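Student: This is a predicted model, with the sequence first.
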Amino acid sequence: AATAFGLGILSYKGVDSAVEYFSGYVVEQSLSVDNLFVFLLLFDYFKVPIIYQPRVLKWGIIGAIVMRGIFIALGEAALETFQPVILVFAAILLASSYKLINEGDGEDEDLSDNQIVQLSKKVLNATDDYDGDRFFHWSME
């Protein structure tokens, strides 16, 4: 279906548009496969039972789509308002690249000290325990 759509773009819009479409398609496919590996690593780290993995994956994908839309909109607004903000984005990419290149020998990282994990435990009262198939648990304590 994607190939047929790309061929339709080729016939209606020309070679340049078709190349842009297929390039974007290949990039998105590779990123989606990469995201699945990330989900598998997270499932392993947080010991998500296999029975709950499809549900967690579904909500993870929905969350990723929503967050992507929010960040695209915020990034576009930032670029429209203040063009040099692209230098900030470039600095973030360079710092991330440097960190990835110079990371250690690939040891398993202990995420219990991760700032996002700590924040979710504090703000959302997240725990390390499962409460059946519930994502959220409210206690009256």
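Tutor: Nice, thanks for sending it over.
Student: What are the buried residues along the host helix or strand of Gly69?
Tutor: Here Gly69, judged by DSSP states H and E, is contained in helix 53-81. Within helix 53-81, the residues that count as buried by 16 or more other Cβ atoms under 10 Å are 56-57, 60. Using the backbone N, CA and C atoms, a C-beta is placed for each residue, glycine as well.
Student: so after that helix, what's the next helix or strand?
Tutor: Toward the C-terminus, helix 53-81 is succeeded by helix 85-101 as the next helix or strand (DSSP H and E).
Student: what packs against that following helix?
Tutor: Packing partners of helix 85-101 (3 or more Cβ pairs under 8 Å, 6 or more residues apart in numbering; DSSP states H and E): helix 53-81.
Student: and the helix it packs on, how far out from the chain's middle?
Tutor: Put simply, helix 53-81 sits 8 Å off its chain's centre (Cα atoms, centre = their mean, to the nearest Å).
Student: And for stretch 95-106?
Tutor: 19 Å.
Student: Mind checking the pLDDT average for it?
Tutor: In this model, stretch 95-106 has an average pLDDT of 77.
Student: which parts of that stretch are buried?
Tutor: Buried, per 16+ other Cβ under 10 Å, within stretch 95-106: nothing.
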